[in-house]
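# How does the following fold in three dimensions:
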Amino acid sequence: MSSLEFLSPACARAEAGFEPRPRSPLAGALPGGGASGIEDISLTVGKLEVRGEVAAIDVDAEVVRLTPERALVLCSSERTAAIEAELRESFGAVIDVTGALAGLRLKNPTLMRRLTELELDRLPAVGAVARVRTLVTRDAEGFRLFFPQEYGEYMARTIVDTARGLP
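Next up is the predicted model:
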């Protein structure tokens, strides 16, 4: 285990009166059930940062290459620990950053265009979304945004406010 294991929800253990409870950094700012077309995926998507020759990553998960030596592996949160163990067999630097990154899915392309100047037809990309450095990917359901969890409430409130202003 690395010294960054505190970022991994899988490493949280009940002990000495502490009972871990998963809580999204967006929970307080998103309306119950999610605003129309805005979904909190912070707790459902596992996020693993891998460093090394990332072109050689061969796992049953989505691999987002950030640089030739750095990638973010996205999977269902239930599979995070197993995929991390599999990646550790080939890569020395694998960090579970699930607890460090918040995640949102937006279904509305007009909303995305109001939030960022990134070219939405050239994703994945890293850039400013509501002035926060964000990794933006696209899947069949819409746009996925991954950003530092400490910006969770700000991002959620900004996105909900922007969505309210759409026709």
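# For the rest of this, base every contact and every neighbour count on C-alpha atoms.
Will do.
# Show the residue spans covered by the strands in this protein.
38-40, 45-51, 62-67, 70-76, 93-96, 101-106, 125-129, 132-139, 142-148 (DSSP state E).
# So which elements touch the longest one?
It refers to strand 132-139. strand 125-129, strand 142-148 (3 or more C-alpha pairs under 8 Å, 6 or more residues apart in numbering; DSSP states H and E).
# quick one: strands adjacent to that strand?
strand 125-129 (antiparallel), strand 142-148 (antiparallel) (DSSP bridges).
# do the third one as well
Strands adjacent to strand 62-67 in the sheet, as given by DSSP bridges, are strand 70-76 (antiparallel).
# Report the buried residues of the partner strand.
For strand 70-76, a neighbour-count test (16 or more other C-alpha atoms under 10 Å) marks 70, 71, 72, 73, 74, 75 as buried.
# hang on, the earlier thing: residue 161 is nearest to which of the strands of the chain?
Residue 161 sits nearest to strand 38-40 of all these, at 11.5 Å, using C-alpha to C-alpha.
# What helices and strands are in contact with the closest one?
strand 101-106.
# Pull up the pairing partners for the strand it packs on, direction included.
Strand pairing for strand 101-106, using DSSP bridges, gives strand 38-40 (antiparallel), strand 142-148 (antiparallel).
# which residues touch residue 137?
Taking C-alpha atoms under 8 Å, 6 or more residues apart in numbering, we find residue 137 in contact with 123, 124, 125, 143, 144, 145.
# Once you drop chain neighbours, what's closest to the last one?
By that I understand residue 145. residue 136 (4.7 Å; C-alpha to C-alpha, 6 or more residues apart in numbering).
# got it, and residue 65?
Nearest non-adjacent residue to residue 65, counting by C-alpha to C-alpha, 6+ apart: residue 71, 4.3 Å away.
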